[in-house]
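Undergrad: what shape does this take:
(chains A and B)
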Number of protein chains: 2
Amino acid sequence: MSRLFKFAQKFNSFYLSGFKASECKPFLVEGFQVGLVRPEVMKELLRYPEVFLVSSGYVELNPAFRDYEERSNHVDKVLRELRAENVFIALKGWREECYEVKTEFNSKSLLKMDRSATCLFGIRNYGVDINGYVRHPVMGLCLWFQKRSSTKQTWPGKWDNMVGGGLSVGHGILETAFKEAEEEASVPDHLLRNLCSAGCVSFFFESERGLFPNTEFVFDLELPADFVPENADGEVEAFELVPAHQCLEKILAEDFKTTSTPVALDFLIRHGVVTAENEQEYLKVIELLHVPLQSIYQKLVQTNTNDFIKENGNPLLFKNI
Amino acid sequence: MSRLFKFAQKFNSFYLSGFKASECKPFLVEGFQVGLVRPEVMKELLRYPEVFLVSSGYVELNPAFRDYEERSNHVDKVLRELRAENVFIALKGWREECYEVKTEFNSKSLLKMDRSATCLFGIRNYGVDINGYVRHPVMGLCLWFQKRSSTKQTWPGKWDNMVGGGLSVGHGILETAFKEAEEEASVPDHLLRNLCSAGCVSFFFESERGLFPNTEFVFDLELPADFVPENADGEVEAFELVPAHQCLEKILAEDFKTTSTPVALDFLIRHGVVTAENEQEYLKVIELLHVPLQSIYQKLVQTNTNDFIKENGNPLLFKNI
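TA: Numbers count the residues shown, from 1 in each chain, chains lettered A, B, ... in the order given. Model (predicted):
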């Protein structure tokens, strides 16, 4: 097995586990599956029967909650209690910054949740990443990387893509890209005009913190050879310009943030650095940069018998998803 | 539903049908699933019990055949008979050019089969496509398209990507790209040096001819504004240079080859023409450009009881794939 394919399996550890069908239960809000809950989370949620209905088949947010505000408030209250009790590592990274919980990227949000908690519920989350690159007169194609500050709540001190950020409540994709490029790397406006949308990557990672079905909107940004990024928000410790042919070593190393590798890898594939000629498992690696996160949580409808069935009329068999 | 998403569903008509689980049966060679067989094909194969073992659960190539040559020869003989009888539309396009039948792209080939016949067995096939583009001083980013000759066996007279070809027996990916670029568009060597590997697209289309689980190796080729492609092999009727902002209309039109749209669409996404800002179903469209063809046909192992089970030990339940 190629080293790259092995790594692509690593950042898809949950996807390739078959979603641990027998252990994890679908998380339902308003009859829609929006996530997955691991047994240790379920155990804690059982203590809040007025908020979470835990059955043998699924975990459901109390359908009596009427709207976005009510759902968000009830969940927030539980999460703050669990955080105070220090039950989950994930909540140690509490951010006071929320992600939306939606059935689809473009659908109306059902509730919001602190971004540190979404991995406890397997909520799909979305981010924005910028590949800052240079066509250097001497070094050829190069990529900029940042070293995350050692005080960051997640992945402190690890190397990362030049610019990246989660898509939090109230912020658009391009807006987030511009904001992060300014805060993290001080990219001036006239250079940001070259920002080029270049697709997305999707993968499903699992760590001790929880489940990460992540989709990153990918942007490429060509920068002049004399531009040097400078951090403005204290979240970056250093920047480094790496020649394309050395990038694979960089992003597969232990000190690179595992969940940031897909974005850089996708860049190296799109720009002809990683090819079918030099990577034996080229097709499988590309497949693992685009796992079908948009369709894994299927729409469920509540029947008269109060059971949940898939919209196509088949009974809810999670292991078939 | 957006027009683009609707189209992405069209070129994934089979993928989104749930693989017609109740109708189609896995096609097994040497204990590996390498394809899928539709009922009307199964019906004909029943007439050749010395070559194809058709059971209620699957269609198997006679495991008594010892090697690549023997398997290829037996299948070829059946196909030539069926072709002579005019049983299948697909075989009207007989090419005397074979595709390999493999369990994985990189694995040893189990047999070869005329490329016109692979769709009858749902064999994964692989092609190479070149997006010839120009950064035009007046028109901006533009893409070259070819109009297929009206005498082509498949999709005659339809518009298509500038250069494309199937990966047939004995030919490599880059070799095919170079060969087709010369034959179809007379791209000179010094321009071909700019050929840049840019990933792949995978989709699963179904037509009256059969099943098409297709993976295309994608290349971008920047061309000077004064280069005009010229056909050299009689397979192309015309070429047209289309500004990027008009390409979507071009590739979604009735007169564009449906199975060539994914390659051009992927180009428009990677080059920031189709973006999350102008395409509502951006993520779902990208997902449908990368359906998991490399993992849909799972490895089967034959048990002592002569039944086939999945390698993980679960019984072979095709609908779960």
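Undergrad: which one is A:Glu97 nearest to, not counting chain neighbours?
TA: A:Ser168 (5.0 Å; Cβ to Cβ, 6 or more residues apart in numbering or on different chains). C-betas here are computed from N, CA, C, even on glycine.
Undergrad: contacting residues for the residue sitting nearest the centre point of chain A?
TA: With distances taken as Cα atoms, centre = their mean, the residue of chain A nearest its centroid is A:Asn214 (2.7 Å). A:Asn214 makes contact with A:124-127, A:202-205, A:259, A:293 under the criterion Cβ atoms under 8 Å, 6 or more residues apart in numbering or on different chains.
Undergrad: ok so it is a strand residue?
TA: Yes. Counting by DSSP: H, G, I helix; E, B strand; the rest coil, A:Asn214 is part of a strand.
Undergrad: ok, it to B:Asn131 distance?
TA: Note on A:Asn214: its distance to B:Asn131, by Cβ to Cβ, to the nearest Å, is 28 Å.
Undergrad: A:Ala276 now?
TA: Taking Cβ to Cβ, one finds A:Ala276 at 16 Å from B:Asn131.
Undergrad: so for those two, which sits in the more crowded spot?
TA: B:Asn131 (25 against 22; other Cβ atoms under 10 Å in any protein chain shown).
Undergrad: that one and chain A, how far apart?
TA: 12 Å (Cβ to the nearest Cβ, to the nearest Å).
Undergrad: grab the nearest non-local neighbour of that residue.
TA: B:Phe267 is the one closest to B:Asn131 (Cβ to Cβ, 6+ apart), at 4.4 Å.
Undergrad: pull the contacting residues for the closest residue to chain B within the stretch 151-300 of chain A.
TA: Proximity of the stretch 151-300 of chain A to chain B (Cβ to the nearest Cβ) peaks at A:His290, 3.5 Å away. When contacts are counted by Cβ under 8 Å, 6+ apart, A:His290 is found next to A:201-202, B:286-287, B:289-290.
Undergrad: please repeat the previous calculation with a cut-off of 10 Å.
TA: A:199-203, A:215, A:262, A:266, B:199, B:201-202, B:286-292 (Cβ atoms under 10 Å, 6 or more residues apart in numbering or on different chains).
Undergrad: and for A:Asn12?
TA: Here A:Asn12 is in contact with A:202-206, A:262, A:287-289, A:291 (Cβ under 10 Å, 6+ apart).
Undergrad: circling back: so the residue nearest to A:Glu97 lies in a strand, does it not?
TA: No. Under three-state DSSP, A:Ser168 sits outside any strand and is assigned coil.
Undergrad: correct me, but it touches A:Tyr126?
TA: Yes. Proximity of A:Ser168 to A:Tyr126 meets the contact threshold set by Cβ atoms under 10 Å, at 9.4 Å.
Undergrad: more neighbours: which of those two?
TA: Taking other Cβ under 10 Å, A:Ser168 and A:Tyr126 do not tie; A:Tyr126 has more neighbours (23 against 18).
Undergrad: mind listing what's buried along the host helix or strand of that one?
TA: In this assignment (DSSP states H and E), A:Tyr126 forms part of strand A:125-136. Going by neighbour count (16 or more other Cβ atoms under 10 Å in any protein chain shown), the buried part of strand A:125-136 is A:125-134.
Undergrad: show me where the stretch 101-250 of chain A has helices.
TA: Remark: helices assigned in the stretch 101-250 of chain A by DSSP state H, counting those that start in this stretch are A:118-121, A:173-185, A:189-192, A:244-252.
Undergrad: can you say which of these is packed in most?
TA: Most buried of the helices of the stretch 101-250 of chain A, by mean neighbour count (mean count of other Cβ atoms under 10 Å in any protein chain shown): helix A:118-121, with a mean of 26.
Undergrad: which of the contacts of A:Asn214 come close to chain B?
TA: With Cβ under 10 Å from any Cβ of the partner chain as the criterion, the members of the contacts of A:Asn214 in contact with chain B are A:124, A:126, A:202, A:293.
Undergrad: can you put those residues in CSV and add distance to B:Ala21 and pLDDT?
TA: CSV is the format used below for the ones next to chain B among the contacts of A:Asn214 (distance: Cβ to Cβ, whole Å; pLDDT from 0 to 100):
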residue, distance to B:Ala21, pLDDT
A:Arg124, 26, 97
A:Tyr126, 32, 98
A:Ser202, 25, 98
A:Leu293, 23, 95
